[in-house]
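A.B. asks: structure, please.
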Amino acid sequence: MSLSEWFVFFLLIQVVHFAGTWRLYTKAGRKAWEAAVPVYNAIVLMKIINRPTWWTVLLFIPIVNLIMFPVVWVETIRSFGKNSTVDTLLVLFTFGFYTYYLNYTQDLKHLEGRSLVAATKFGDTVSSLLFAIVVATIVHTYFIQPFTIPTASLERTLLVGDFLFVSKVNYGARAPMTTVAAPMVHDTLPIVKTKSYLNWPQLPYYRFPGFEDIKKNDIVVFNWPVDTVHVFFDKSGRKAVNKPVDKKSNYVKRCVGTPGDQLEIKNGVVFIDGKELILSGRAKVQYMHKIYAAKEGVNTEMLKSMGINDYQRAYKVQLNSNEQFNMIRPYLTGSDESFVYTGPRGLPNSVLQKAGVFAQEQYKADNFVDLTLKEAEILRKNPAIDSVVRFKPEAHDMKVFPHTGKWSESDFGPISIPKRGATVQLTFENLPLYKRIISVYEKNTLELRNGQILINGKPSTSYTFQLNYYWMMGDNRNKSEDSRYWGFVPEDHIVGKPVFIWMSIDGINDGFKNWSIRWDRLFTTVGGDDEPYSYFKFFLIALAAYIGFSFYMGKRKERKV
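C.D. replies: Take a look at the predicted model:
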């Protein structure tokens, strides 16, 4: 929506409010015209319903206001003695228009000085619950948000099954652009699995000031710029969906390029302005390798003992029915005539016992494994290993950005990362790098006509960027869908900075019975050069001290009484 459209919409809301409440204002000893003055009418209404004046601010915060409106509707009718469950349900299910009926047909008396202390009535309960959701939504939207690691692209810095707290304040909280959406959920409503928002109306991008800029090496949560799926990991083949920016799927990657950088990737190694990017001590950059051991096969227990956690396991199984196969199917990555294959966790014993299946692991002569370069060197020195060969991706890959077949995922660039206010000369050769920025992210019309580049209908030989852009990559170089495949990440897609792992579950996708908590990862920080350190024991000590102190103070009060 344009600014003028928002202004008209705002005035329409004021008219609707005035028409449905002006007599209630007069019953409360106020003037009828006070119900018509924008913002002032909300301040007066807070006095009428005996609620804090600062609640007015909440009525203008996107998403939060969707919850505050029902709170105010319920509080308004309660301030005029309408406390029954029926009244509360009527005002909620009519989206506040029940006040029209009360305004024009009922002779109501204002309950001046109504207590702020919640009573036992249904309306009070609804208001209290809704306001609790308001507080939680403010924290979730503007301060800190929980997030789960869904993929292995940042193994082993972040593991699948890590539960994070993502700070919104480090880079500055982004105000919601989608104004009508369910609170504290992303693009999909749980259980019913339908979208949680309306595409219209939209607010322009705005970010509150933060206390740091995105730096190279930072792990960043952002909205996937090219997201068109209904839900994350959607393989249904349904028609693509056009999502608002802040409702695109959340991704987490490492920032390796910031605005103005000259970026190049050589043999999988990132170079910035001609110098190799030195990653933080916790970063474990991995590349796919083929390990070959002809005599005894590649021992997966040895790989596990080295801390390697991305390889294939092969099993010979004895199956007597399709039912048995279906019970182990969720844990399989593939099968052939001789073997079934799984990831590093293998086939859980509990599942095998329940299915009555006999399975024996087989060490195959070769295995594709994700290794750091240091691990690859260690394995090459192992006498049981014949060879360790690094995987070389396709040289001219059309799937790699900008989809011209010029580069590969391991050899890319150099390119310049766009910076707000910087100007680039446009040619037909470099246009594929910037066409999505010009037409999608910065909302211009882009045409090629009669050998000319037209932006907003005018011939253009240059373009000045309106936003900052970033280059995001996974540490798992050959198993990460990142900027190498869809290009630059605009600043308005940035969500926040992961700062803390509060829970970590191994086998998160294998069913509850096969979960195991990674105790050494609980209450660890995400950033830093040193090895992760768990502060969980200090949390338990503090919790025990708090419980003990509360118990002591309670007993002390009892003795005084």
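
A.B. asks: helix or strand for the residue nearest to Gly343 when sequence neighbours are not counted, which one?
C.D. replies: Nearest non-adjacent residue to Gly343, counting by C-beta to C-beta, 6 or more residues apart in numbering: Thr333, 5.8 Å away. Glycine gets a C-beta too; all of them are placed from N, C-alpha and C. Taking DSSP states H and E as the definition, Thr333 sits inside strand 332-335.

A.B. asks: listing partners with orientation, what would you give for that strand?
C.D. replies: If you go by DSSP bridges, strand 332-335 pairs up with strand 340-342 (antiparallel).

A.B. asks: which residues touch the partner strand?
C.D. replies: 312-315, 317, 328, 331-335, 347, 359 (C-beta atoms under 8 Å, 6 or more residues apart in numbering).

A.B. asks: closest to Val72 out of the residues you listed?
C.D. replies: The closest of the contacts of strand 340-342 to Val72 turns out to be Tyr331 (C-beta to C-beta; 51.4 Å).

A.B. asks: circling back to that earlier point, confirm for me that the residue nearest to Gly343 is in contact with Gly346.
C.D. replies: No - checked against C-beta atoms under 8 Å, the pair Thr333 and Gly346 is beyond contact range at 10.9 Å.

A.B. asks: tell me which of these two has more neighbours.
C.D. replies: Neighbour count, other C-beta atoms under 10 Å: between Thr333 and Gly346, Gly346 has more, with 16 against 10.

A.B. asks: how far away is the nearest residue to that one once chain neighbours are set aside from Ala152?
C.D. replies: Distances taken as C-beta to C-beta, 6+ apart put Arg313 closest to Gly346, at 5.1 Å, once the chain neighbours are dropped. The gap separating Arg313 from Ala152 is 16 Å, by C-beta to C-beta, to the nearest Å.

A.B. asks: which of the two has more neighbours?
C.D. replies: Under the criterion of other C-beta under 10 Å, the comparison of Arg313 against Ala152 puts Arg313 first, with 23 against 20.

A.B. asks: tell me the bridge partners for the more buried one.
C.D. replies: Thr342.

A.B. asks: and if you look at the one 4 residues further on?
C.D. replies: Under DSSP bridges, the beta-bridge partners of Val317 are Ala359.

A.B. asks: re earlier: closest to Phe163 out of the contacts of strand 340-342?
C.D. replies: For the contacts of strand 340-342, the residue nearest Phe163 by C-beta to C-beta is Tyr331; the value is 22.2 Å.

A.B. asks: the closest one: neighbour count?
C.D. replies: As a measure of burial, Tyr331 has 22 neighbours, counting by other C-beta under 10 Å.

A.B. asks: show me the contacts for it.
C.D. replies: Tyr331 touches 342, 345-348, 351, 510, counting by C-beta under 8 Å, 6+ apart.

A.B. asks: of the residues you listed, closest to Pro244?
C.D. replies: Closest to Pro244, out of all of the contacts of Tyr331 and judged by C-beta to C-beta, is Asp510, at 33.7 Å.

A.B. asks: if I look at Gly487, how far off is Tyr470?
C.D. replies: The value you get for Gly487 to Tyr470, if C-beta to C-beta is used, is 11 Å.

A.B. asks: for Pro344, same thing?
C.D. replies: 31 Å.

A.B. asks: which residue lies nearest the spatial centre of this protein?
C.D. replies: Against the mean C-alpha coordinate of the chain, by C-alpha atoms, centre = their mean, the closest residue is Asn250 at 3.4 Å.

A.B. asks: angles on the backbone of it, please.
C.D. replies: phi -80, psi 130 (degrees, to the nearest 10).

A.B. asks: which stretch of helix or strand covers the nearest residue to it once chain neighbours are set aside?
C.D. replies: Counting by C-beta to C-beta, 6+ apart, Asn250 lies nearest to Val221, which is 5.7 Å off, once chain neighbours are set aside. Assigned by DSSP H and E, Val221 belongs to strand 219-223.

A.B. asks: show me what that strand is packed against.
C.D. replies: strand 250-257, strand 469-473, strand 494-506 (3 or more C-beta pairs under 8 Å, 6 or more residues apart in numbering; DSSP states H and E).

A.B. asks: that strand pairs with which strands?
C.D. replies: Sheet pairing for strand 219-223, assigned by DSSP bridges, gives strand 250-257 (antiparallel), strand 494-506 (antiparallel).

A.B. asks: list the contacts of the residue nearest to Gly343.
C.D. replies: Thr333 neighbours (C-beta under 8 Å, 6+ apart): 312, 341-343.

A.B. asks: one more: Ala136?
C.D. replies: So Ala136 contacts 183-184 (C-beta under 8 Å, 6+ apart).

A.B. asks: the helix or strand hosting it - what's its average pLDDT?
C.D. replies: Using DSSP H and E, Ala136 maps to helix 122-142. Averaged over helix 122-142, pLDDT sits at 80.

A.B. asks: winner for burial among the helices and strands packed on strand 219-223?
C.D. replies: Most buried of the helices and strands packed on strand 219-223 by mean neighbour count (mean count of other C-beta atoms under 10 Å) is strand 469-473; its value is a mean of 26.

A.B. asks: pull the CA atoms of the helix or strand just after that one into CSV?
C.D. replies: Using DSSP H and E, the next helix or strand after strand 469-473 towards the C-terminus is helix 483-486. Presented in CSV, the C-alpha positions along helix 483-486 are these (Å, rounded to 0.1, in the frame of the first residue of the first chain):
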residue,chain,number,x,y,z
SER,A,483,24.0,-17.4,-2.1
ARG,A,484,25.9,-19.4,-4.7
TYR,A,485,22.6,-20.6,-6.0
TRP,A,486,20.3,-17.6,-5.5
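
A.B. asks: helix 483-486 - contacts with which helices or strands?
C.D. replies: So helix 483-486, by 3+ C-beta pairs under 8 Å, 6+ apart, packs with strand 469-473.

A.B. asks: next, the angle strand 250-257 makes with the strand it packs on.
C.D. replies: Angle of strand 469-473 versus strand 250-257, following axes from the mean of the first three to the mean of the last three C-alpha atoms, to 10 degrees, is 110 degrees.
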